[in-house]
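Q: kindly generate the corresponding structure for this input.
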Amino acid sequence: MAVIALLTRKLVEGLSFERQIVHDTKGGLKTIQTPSTVKEWSIRDKDLEGFSVRCTSKTIGWYVRKRMGDLGDVRRCMGDISTLSAENARKRARVWLGMMQNGVDPLQEKKDRIKRATIERVKSTRTLAACFEEYVGRKTAKSKSNTTKDRLKVSKWMQGSPIWTKSIFDINDDDVEQSLGPLRDAALKGDPKPAWGPKSISPATLQKIYVYVSSAYMREALQYRILLSKNDGPFVRWRADQAIPRPQSKTTHLPTETEVGQGWLKELVALHQKAHHPDVLLNRPDPRGTGIKPHTSVLVDFFLCVLLWGSRKEETAKLKWTDVKFEDRLVIFPESMTKSGKAGVAPLTPWAVEILQARKRANERWRPDEPSPWVFPSRQHGKAIANPRGIAELLAEETGLMIMPHDLRRTLATYMNKVSLKEEEVGKLLLVGAALNHSRGNTGGQVSAATIGYIQEQVEVLRPAYQARENQFRRMVGLPILAAAEVEEATHTEGTIESVIAMAKADPELKRKLLEAMLK
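A: Model prediction:
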C-alpha cells in the first residue's frame, strides 16, 4: 500500500533513502531499513492529488503525476528537495498539474521557455556572416581543399550585401532578393555588378553562392526552429522563382583528331624538349628574362603526365615519389588526394617512365642538397606546384587553343569511349570509370561497385589502352614508339653522350665527378 502523508518541510528534511517510510500498525508512519530489493520508494501528498516525493539511492525529488489523454499517466520531476523547498514545490505542483489537466506538458514547456530565452539572448549575434563562418569551419575537415577555398571566396564576395550582417531570425524574402537579385541580374542580364560579389559573375558562380549561403542559413534555421523543413524558407522560395539556368558540364577536350589539336600537342612536346635542354636546367637563365626558366620543365612534365594518365590536377600536382612504382610499372594516387576518396591507379607506359625518370634526375640536379618528396616541386622550397596555368597560356599564344589540365582529363574519357577491349568481362563504361577513378557510375550498382573496388589488378586491364593512346600521341608529333626494353635501359643512363658533354661543360662539379669515375 502506498504511503500517503502531508508533505511538510519537517517530514521532507528527515528523509533518507536508507530509512524507508512505511505505515505502522496504527496507521501512523515509521521508518525501517530499506530492503536491498527496493530500488525506489515514494510518499504521496494527502492534500494534493498527484503530488509526491520519490526517493532513490542517488536523488530525492519532487514529482507530479497525472493522466494526459493518449499519453496515459505522465510523471514529471520538478526538482530536488535540496534546491526546492516544500512550500514552493507545492505551489509549483498546483501549476504543473493544472497545465497537465489542459494537455500541456510542463517539462516540455519549460524547455521551450529556456530555448526562447536563449534565442532572444543570441538573436543579435547570430548574423548570417557568423553562421557562415561556423558552417565553413564545420565542413572543412570533411571537404576537399578546393571546396573550402570556394566557400571562403563566397564569404568574401558576400561581405557588404544587405543580408550578410542581418540576424538569421529576421531574414525574409525581401532580404534574399535584395542581396542575390542584383547578382542574378548581373549574371543573366549584364547589369552592372553591385558593390558585393565577385569581379565577374556567371550563372554557375551565382549557383555556387546560392548553394553555400542557403546551406549555412538552413542549418541554423532548422536548429533554432526558425524553419521546420528544408523545403521551406526565404532562400528556397527565392530559388523557386528564378529562371537561372543550371550550370552545364564542360565538354572541352584536346581535339587530337584535328590539325589544331595536333598542333597544340606538337607545341607541348617541343616546349618539353626546350625546357629539358641542359643549358636551361644548369645555366640558370636570368629569372627576370623572357626565356625558358628551369622550372618550366616541371610544369611541362606535369601537363604531359596529365595527358597520358587523365588524372585530376590536384592529385597529379601533389604526387610524391613514393607513389611512383617503377618496378610495378604503375603510379598510385592516394585516397587522401582523390576526389572520390578512393585510391586511384594508372599504368606507367614507356613515355611516362621516360618523363618521370628525367624529372627525377632534373629535380636532384636542381636542389641536390634538399631533395623534394614531390614529383612536381614548386619553386617554393618544400611545396608542390599549385597552378600550372602559365604553360596553358603559353601554348594558347602559339596555337590559339586554351587547354587546361581537366580538359586533358576529358580527352582521356573521349578516347576511352572508343576503345574496344578483348576482356569480355570488362565493359566500356567500367573502363572509363576505372580510368577516371570515379566513385560512382551512372548506370547501376554493379558498375559503381566495380569502379569503387578499382585496385592494382585493373592496371593490366587498362595498360593496352593507355599504351595504344601513348603510341598515337607519339606518332602525331613525329616521335618513335618506345619499347619497354629501351625505356628500361634509359632509366640507368644520364642521357646521350652529347647531353652529358654539354652538362659537364656547364657544371664543373659534374665534370670533376666524371673524370674521377673515368680514372677509377
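
Q: out of everything not next to it in sequence, what's closest to Arg75?
A: Arg65 (4.5 Å; CB to CB, 6 or more residues apart in numbering). All C-beta atoms are positioned from the backbone trio N, CA, C, and that covers glycine.

Q: ok, that neighbour - how many residues close by?
A: 19 (other CB atoms under 10 Å).

Q: for it, helix, strand, or coil?
A: Per DSSP: H, G, I helix; E, B strand; the rest coil, the secondary structure class of Arg65 is strand.

Q: with Thr252 instead?
A: Classified using three-state DSSP, Thr252 is coil.

Q: secondary structure element for the nearest residue to it once chain neighbours are set aside?
A: In space, and not counting its chain neighbours, Thr252 is closest to Asp407: 4.7 Å by CB to CB, 6+ apart. In this assignment (DSSP states H and E), Asp407 forms part of helix 405-416.

Q: which other helices and strands does that helix contact?
A: Using 3 or more CB pairs under 8 Å, 6 or more residues apart in numbering; DSSP states H and E, the elements in contact with helix 405-416 are helix 296-309, helix 313-317, helix 428-436, helix 458-476.

Q: go again using 7 Å as the cut-off
A: helix 296-309, helix 428-436 (3 or more CB pairs under 7 Å, 6 or more residues apart in numbering; DSSP states H and E).

Q: dump the residue contacts of the residue nearest to Thr252.
A: Going by CB atoms under 7 Å, 6 or more residues apart in numbering, Asp407 touches Thr252, His253, Leu254.

Q: columns distance to Leu228 on top of those, output as CSV?
A: Below are the contacts of Asp407 laid out as CSV (distance: CB to CB, whole Å):
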residue, distance to Leu228
Thr252, 44
His253, 46
Leu254, 51
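
Q: now restrict those to buried residues only.
A: Buried subset of those (neighbour count, 16 or more other CB atoms under 10 Å): His253, Leu254.

Q: quick check: phi and psi on Pro368?
A: Backbone geometry at Pro368, expressed as degrees, to the nearest 10, gives phi -60, psi -30.

Q: relative to Arg361, how far out is it?
A: Separation of Pro368 from Arg361 (CB to CB, to the nearest Å): 11 Å.

Q: check Leu15 too.
A: 86 Å.

Q: tell me which element the residue nearest the centre of the chain is part of?
A: With distances taken as CA atoms, centre = their mean, the chain has Ser143 as the residue nearest its mean C-alpha position (1.4 Å). Under DSSP H and E, no helix or strand contains Ser143.

Q: the helix holding Asp407 to helix 296-309, inter-axis angle?
A: Put simply, helix 405-416 runs at 30 degrees to helix 296-309, going by axes from the mean of the first three to the mean of the last three CA atoms, to 10 degrees.

Q: OK, contacts around Ala129?
A: By CB under 7 Å, 6+ apart, Ala129 lies in contact with Trp164, Thr165.

Q: I'd like to know how far it sits from Trp157.
A: When distance is defined by CB to CB, Ala129 is 12 Å away from Trp157.

Q: likewise Thr316?
A: Taken as CB to CB, the span from Thr316 to Trp157 is 29 Å.

Q: between the two, which one's more packed in?
A: Comparing Thr316 with Trp157 by other CB under 10 Å, the one with more neighbours is Thr316, at 26 against 21.

Q: now do the closest residue to the more buried one other than its chain neighbours against Pro234, distance only.
A: What sits nearest to Thr316 in space, not counting adjacent residues and going by CB to CB, 6+ apart, is Val306, at 5.4 Å. Per CB to CB, Val306 is found 43 Å from Pro234.

Q: what are the ranges of the strands in the protein?
A: Using DSSP state E, the strands of the chain run over 3-5, 19-23, 29-33, 40-45, 51-56, 60-67, 73-80, 324-325, 330-333, 344-347.

Q: a markdown table for those, including distance to Ser179 and mean pLDDT?
A: Converted to a markdown table, the strands of the chain look like this (distance: least, CB to CB, whole Å; pLDDT from 0 to 100):
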| stretch | distance to Ser179 | mean pLDDT |
| --- | --- | --- |
| strand 3-5 | 65 | 91 |
| strand 19-23 | 66 | 92 |
| strand 29-33 | 70 | 92 |
| strand 40-45 | 57 | 94 |
| strand 51-56 | 55 | 95 |
| strand 60-67 | 49 | 94 |
| strand 73-80 | 45 | 92 |
| strand 324-325 | 48 | 92 |
| strand 330-333 | 40 | 89 |
| strand 344-347 | 40 | 86 |
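
Q: hey, which of these is tucked in deepest?
A: Of all the strands of the chain, strand 344-347 carries the top mean neighbour count, a mean of 24, counting by mean count of other CB atoms under 10 Å.
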